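Asks: next one to model:
(2 chains, ligands or ions: 1)
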Amino acid sequence: MTGNIENPVVELLFQLADDDYLFSYRGSEWLGLAPHIEEDVAFSSITQDTMGHATMFYRLLEGLGVGVADSLAHIRPASERKNSILVERPNGEGYYMDNPQYDWAYAVARNYIYTTAKKIKIDSLKSSSDETLRDAAVKVSMEIYYHLLHWKTWFVQLFNATEDARKRMTTALEKVLADCGDLFSYGEAATAITNAGLIESEEVLVNRWIEYVKPVFETIKVEVPTFGKPQQNGRNQEHTKELQQAIDTMSEVYATDLAASW
Amino acid sequence: MAAVDIMIDQIYKVLDTVKDPEIDTVSVLDLGMVEHVDIDGQQVVIKMLPTFSGCPALNIIKGNIERAIKTVENVDSVEVQFIFNPPWTSDRITEKGKAGLKLFGIAPPPKYLEEDGSWHVECAYCGSDYVTMDNIFGPTACRSILYCKSCKNPFEAMKPISTIM
Ligand SMILES: [Zn+2]
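Replies: Model (predicted):
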């Protein structure tokens, strides 16, 4: 598949779908572990919405004859995935069933950064040359409105809370930002995707993102970050070993009976 | 009335009996989920708008509609398709739908949002606007949890969903 950009819509859809799929998988691992019950309800609702977005993108791929949506979601190995490195990172030490030592500061920082980046992309997709992408973007946009409110609240409140909270958030944000190099990247498909007018260029979107988060970073008195060149680029199927573990866990049930209707 | 019109009329009547699996006082018509009914001979295609994209009730609704419409006279096959254009927005919920939601203890979505994105909901039980938002996210994707300071009841409200968001 590498380097073969036959259909830029397919390339972009895989990036969007895999991003949301892994992001909601990491979110689902938090179920029952969030700081309080209201947060558990909110976080799992956001996770469910996000899996809905992934489903929508995988179904669009199915519509383009790429494969069955469920298989595209669950069966594709890490070596074929196009998600950003940020969403595949584990929540922390341990396993969600066995002594999870997850870091809430990391969750808040990752979720805020990911969701703001998603908003910038989705806004650009609203004027895509591709009609199905435009329609999907309008749908997603209405739902992430609430996700943005939610993560922004946590992000600002924790940064502006106690000294300890601020220290933990600072560490977490650094860790998140170190993985953001490929967040707005389209990898090897960049030229094909932007030439087709599917979405604006990485550069345009990064600058727009900076403008978008600036007021929030002013509130928390932290300098607005800039993204460096990615060490690994998930868009080019370069991934960490944690990705395959995540896919294996997520597809465990699906793989038991490939013909079943779930 | 032409045969096709009679058929469409009957289909809509049956659609009004297909309830939201989680809120049995409102139908898929009340919620504004039905965008179009296409009839080709004895084949029916119903174009539906999903409320929330991750709503697990969508497949159940699809199955319930297909089963119900098959009972309509002269209908041979039914296909339910979910489409995204136009997008579903909460202002598609009809007056009958809003009444049905209240009956279930869910406040209907507000008609409009304030400029800052906030909104006002009245208590589903006593109608008071002396309420506080407890959690924007509720037990399902489409609902929020609020608390009424007048009658001291927690209640749920449908989230406003609009393309201006
Ligand atoms: Zn009340």
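
Asks: in chain B, which helix or strand is least confident?
Replies: Least confident helix or strand, chain B: strand B:131-135 with a mean of 91, by mean pLDDT, DSSP states H and E.

Asks: dump it to CSV, restricted to CA.
Replies: What follows is strand B:131-135, C-alpha atoms only, in CSV (Å, rounded to 0.1, in the frame of the first residue of the first chain):
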residue,chain,number,x,y,z
VAL,B,131,-32.1,24.8,37.1
THR,B,132,-28.4,23.9,37.0
MET,B,133,-26.4,21.8,34.6
ASP,B,134,-25.1,18.8,36.4
ASN,B,135,-23.5,17.0,33.4
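
Asks: for that strand, which helices and strands make contact with it?
Replies: Contact here means 3 or more Cβ pairs under 8 Å, 6 or more residues apart in numbering or on different chains; DSSP states H and E; on that basis strand B:131-135 packs against helix A:37-63, strand B:143-148. All C-beta spots, glycine's among them, are computed from the backbone N, C-alpha and C.

Asks: for the ion, find the nearest of the ones you listed.
Replies: Minimum separation from the ion across these (Cβ to the ion) falls at strand B:143-148, 3.1 Å.

Asks: residue numbers of chain B in contact with chain A?
Replies: Residues of chain B lying close to chain A by Cβ under 8 Å from any Cβ of the partner chain are B:50, B:52-56, B:84-85, B:87, B:89, B:117, B:134-141, B:145, B:159, B:161-163, B:165.

Asks: grab the nearest non-local neighbour of the closest residue to chain A within chain B.
Replies: The minimum distance from chain B to chain A, using Cβ to the nearest Cβ, falls at residue B:54 (2.4 Å). Nearest in space to residue B:54, with sequence neighbours left out and distances taken as Cβ to Cβ, 6 or more residues apart in numbering or on different chains, is residue A:52 at 2.4 Å.

Asks: tell me if I'm right that that neighbour and residue B:51 touch.
Replies: No: at 10.4 Å, residue A:52 and residue B:51 do not qualify as touching, with contact defined as Cβ atoms under 8 Å.

Asks: contacts for stretch B:98-106 next, please.
Replies: B:23-27, B:30, B:93, B:107-108, B:124-125, B:143, B:155-158 (Cβ atoms under 8 Å, 6 or more residues apart in numbering or on different chains).

Asks: walk me through the domains of chain B.
Replies: B:3-82, B:96-158 (automatic domain parsing).

Asks: of those domains, which is nearest the ion?
Replies: Using Cβ to the ion, the domains of chain B put domain B:96-158 closest to the ion, at 3.1 Å.

Asks: give me every residue that touches the residue nearest to residue B:54.
Replies: A:143, B:52-55, B:141.

Asks: stretch B:109-129: which residues count as buried?
Replies: Buried residues in stretch B:109-129, counted by 16 or more other Cβ atoms under 10 Å in any protein chain shown: B:109-110, B:113, B:119, B:121-125.

Asks: apologies, that question was intended for stretch A:207-220.
Replies: A:208-209, A:212-213, A:216-217, A:220.

Asks: inside helices: which ones of these?
Replies: A:208-209, A:212-213, A:216-217 (DSSP state H).

Asks: which residues in chain B form helices?
Replies: Going by DSSP H, chain B shows helices at B:3-15, B:57-70, B:95-103.

Asks: let me know the pLDDT of the spatially most central residue of chain B.
Replies: Centroid-nearest residue in chain B: residue B:31, 2.3 Å away (criterion: Cα atoms, centre = their mean). Looking at residue B:31, its pLDDT reads 97.

Asks: same deal with residue A:145?
Replies: Reading off the model, residue A:145 has pLDDT 94.

Asks: repeat for the one 4 residues further on
Replies: According to the predicted model, the pLDDT of residue A:149 comes to 94.

Asks: and for it, the neighbour number?
Replies: Neighbour count of residue A:149, defined by other Cβ atoms under 10 Å in any protein chain shown: 12.
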